[in-house]
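K.L.:
What follows is a predicted protein model with its sequence.
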Amino acid sequence: MKGIDKNDLLWMYRKMKTSRYFEQRMEKAYLEGKQPVFNIGAGPVPGEMHLSTGQEPAAAGMLVHLTKDDTVTATHRPHHQAIAKGVDLKKMTAEIFGKKTGLGKGKGGHMHLFDPDVKFSCGGIVGAGMPHAVGAALANKKMETDRVAVAFIGEGAANSGAFHESLNLAALWKLPFIVVVEDNAWGISVPKNKSTSVATNDIRARAYGIKGYLVKDNDPMEMYRVSREAVERARNGEGPSLIEIETYRFLGHFQGDPELYRDKAEVPKLREKDPIERLKKYILKEQEVTVMELEAIEKAVVNEVDTAFEFAIHSEFPEPEEALEDVFA
């Protein structure tokens, strides 16, 4: 695809590689102490863990167009979005390990990552980030800035009341708001065609008189293109947009998920279309970039992630009495 800046492509490649390697390390760390019999409360990272391996284009292709002053809300599967938004990787990793050096002093865990320095937040309730992002978009408009707000949701959340109420207000008030629907085909264990009456959620945009886009086959370059247009429209006062991207979830809904609900041949076929490898081939073919340049990026990614994990592992746990601090009475 013509018209994509080389630096943007390299930025996307780095963020996607960072997310992938981060989650590969997290997958191993999370399973420590949870094998051979899975125990969700055991190991250095207790509780649930939702990894976004395979879904990297949704985050990188959108967030390459944003600044630290634009607002992003994310889901219970937030690592790729947090990394692309520029959330402090050391503090984010420490938070997931429950350490006091974490973003929320170790009290939030991986589904509740908050970094006000880059206006990023996420939560575990389906669709709950939509109203928050619409509120941020309303504030942006009232303050007469050109800032935008983006909410990431899963395709299952597009059936929730929060989705429809938020889009109604965003359209009514013509807010600088974008919702990105990550359609990974599965709402936990329920296939999309068993839960949703429309084939793709982009057509729902018409009900609110706003622009709808569909990105097929987890394509990072197409996600870049439609996101650029949606962000430009929002900054220019042209109102909200809805983007649905057909993305892939290489792993289970959560780590430890036996995945009995999907065909065993599904994931190997998806991995053959790995979006990171497709982006790499595109960059090498279409841009004046060498293999050595990409290898240098990959080396820097490994160093950045490994440093973050070392920071988290060697950070201290909060004291028991600290559980009563930072609590609203």
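P.N.:
Perfect, thanks for sending it.

K.L.:
so where's this structure shaky on pLDDT?
P.N.:
Within the chain, the segments meeting pLDDT under 70 span 1-2, 329.

K.L.:
Give the buried residues for the longest helix seen in it.
P.N.:
In the chain, assigned by DSSP state H, the helix with the most residues is helix 6-31. In terms of neighbour count (16 or more other C-beta atoms under 10 Å), helix 6-31 has its buried residues at 9-23, 25-26, 29-31. Quick note: C-beta positions are derived from backbone N, CA and C, even for glycine.

K.L.:
what's that helix packed up against?
P.N.:
Judged by 3 or more C-beta pairs under 8 Å, 6 or more residues apart in numbering; DSSP states H and E, helix 6-31 is in contact with helix 56-63, helix 79-85, helix 89-96, helix 220-235, helix 275-286, helix 291-314.

K.L.:
Tabulate these (JSON lines), appending distance to residue 262 and mean neighbour count.
P.N.:
Formatted as JSON lines, the helices and strands packed on helix 6-31 follow (distance: least, C-beta to C-beta, whole Å; neighbours: other C-beta atoms under 10 Å):
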{"stretch": "helix 56-63", "distance to residue 262": "20", "mean neighbour count": "30"}
{"stretch": "helix 79-85", "distance to residue 262": "21", "mean neighbour count": "28"}
{"stretch": "helix 89-96", "distance to residue 262": "26", "mean neighbour count": "24"}
{"stretch": "helix 220-235", "distance to residue 262": "24", "mean neighbour count": "21"}
{"stretch": "helix 275-286", "distance to residue 262": "19", "mean neighbour count": "16"}
{"stretch": "helix 291-314", "distance to residue 262": "29", "mean neighbour count": "15"}
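
K.L.:
Pipe these into JSON lines and attach distance to residue 245 per row.
P.N.:
Shown next, in JSON lines, are these (distance: least, C-beta to C-beta, whole Å):
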{"stretch": "helix 56-63", "distance to residue 245": "5"}
{"stretch": "helix 79-85", "distance to residue 245": "12"}
{"stretch": "helix 89-96", "distance to residue 245": "23"}
{"stretch": "helix 220-235", "distance to residue 245": "6"}
{"stretch": "helix 275-286", "distance to residue 245": "10"}
{"stretch": "helix 291-314", "distance to residue 245": "23"}
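
K.L.:
Of all the ones you listed, which one is nearest residue 324?
P.N.:
helix 89-96 (18.9 Å; C-beta to C-beta).

K.L.:
what's near enough to touch residue 290?
P.N.:
residue 284 (C-beta atoms under 8 Å, 6 or more residues apart in numbering).

K.L.:
Residue 283 versus that one, what's the distance?
P.N.:
As defined by C-beta to C-beta, to the nearest Å, residue 290 lies at a distance of 10 Å from residue 283.

K.L.:
returning to that earlier point: relative to residue 108, which of the helices and strands packed on helix 6-31 is closest?
P.N.:
Among the helices and strands packed on helix 6-31, helix 89-96 comes nearest to residue 108, with 6.0 Å by C-beta to C-beta.

K.L.:
residues in contact with the next helix or strand after the closest one?
P.N.:
With elements assigned by DSSP states H and E, the helix or strand that comes after helix 89-96 is strand 114-115. Outside strand 114-115, the residues that touch it by C-beta under 8 Å, 6+ apart are 82, 85, 87-88, 91-92, 103-104, 108, 120-122.

K.L.:
ok now strand 114-115, how far from the chain's centre?
P.N.:
14 Å (C-alpha atoms, centre = their mean, to the nearest Å).

K.L.:
Pull up the pairing partners for it, direction included.
P.N.:
Applying DSSP bridges, strand 114-115 is found paired with strand 120-122 (antiparallel).

K.L.:
Can you name the next helix or strand after the strand it pairs with?
P.N.:
Moving toward the C-terminus from strand 120-122, the next element (DSSP H and E) is helix 129-142.
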